[in-house]
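Visitor: Take a look and give me a structure for this.
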Amino acid sequence: MCGRYYIDDDTAKEIEKLVRQADEKLRGALPCEMEIKAKDIHPSEKAPILVSSDSGPECRWQKWGFLGFQKGRVIFNARCESATEKPMFREAVLHRRAVIPAAWFYEWDRRKQKHTFFRKGKEALFMAGCCRSYEDGDRFVILTTQANDSMKPVHDRMPLILERAEVADWLFEDAAMIELLHKAPPLLECRSEYEQMSLPGI
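Guide: Next up, the predicted model:
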């Protein structure tokens, strides 16, 4: 599960670095249209993501969360195990994949204690996602998979984390996409904040 994450100026730098250092398929990526300010991203807020296009990958700002069946609520995660089968996610995963960069993400345990997950020595996380169009514009969700050993003490789900070298394959290669949906995420570092918090509006 992923219900909140953090972006900052370094996130923008990582997007640019990804474009420069990745393979030829990523060299034509367009820069984000606005400056990235340090902030937590909540469901229904806009955030910068990488998507594929006919001219190559593009950095776009989209709202986080597909519209749910209940008014005012959004669905912000999709399970890797069933995303290619469920009508809400199938076409998005097959044809409109995305990469969501973040400095770190948060998770809350059963005691409502907040934990921050990040990659040691890495500038950013690259979370796999997908997007679709609505009347109010394009929206994205983050794909989640079974938690690895670094996440299990807090939650049984976690975002599908891509390595930098896997970003192009996720965006452009359908065959690689199937394999990546079943990959084990890398181990993460955890920083705990012993405070009683809950996710507002979720």
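
Visitor: Specify which residues of this structure, grouped into ranges, have pLDDT under the cut-off.
Guide: Counting by pLDDT under 70, the chain shows low-confidence ranges at 1, 17-35, 54-57, 194-202.

Visitor: If we use 80, what do you get?
Guide: Judged by pLDDT under 80, the chain has its weakly predicted residues at 1-2, 12-36, 53-58, 69-72, 122-123, 193-202.

Visitor: quick one: the helices in it?
Guide: 9-21, 90-95, 167-172, 174-180 (DSSP state H).

Visitor: Select, out of those, the one closest to Gly68.
Guide: helix 90-95 (14.8 Å; C-beta to C-beta). No exception for glycine: its C-beta is placed from N, CA and C like everyone else's.

Visitor: which secondary structure elements does the closest one contact?
Guide: For helix 90-95, the packing partners by 3 or more C-beta pairs under 8 Å, 6 or more residues apart in numbering; DSSP states H and E come out as strand 125-134, helix 174-180.

Visitor: partner strands of the first one, parallel or antiparallel?
Guide: Going back to what we said before, that points to strand 125-134. Paired neighbours of strand 125-134 in the sheet (DSSP bridges): strand 97-102 (antiparallel), strand 137-146 (antiparallel), strand 161-162 (antiparallel).

Visitor: Return the set of buried residues in that strand.
Guide: With burial defined by 16 or more other C-beta atoms under 10 Å, the residues of strand 125-134 counted as buried are Leu125, Phe126, Met127, Ala128, Gly129, Cys130, Cys131, Arg132.

Visitor: still on that earlier bit, let's have the helices and strands packed on helix 90-95 in JSON lines, adding distance to Lys114.
Guide: Conversion of the helices and strands packed on helix 90-95 to JSON lines gives the following (distance: least, C-beta to C-beta, whole Å):
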{"stretch": "strand 125-134", "distance to Lys114": "17"}
{"stretch": "helix 174-180", "distance to Lys114": "29"}
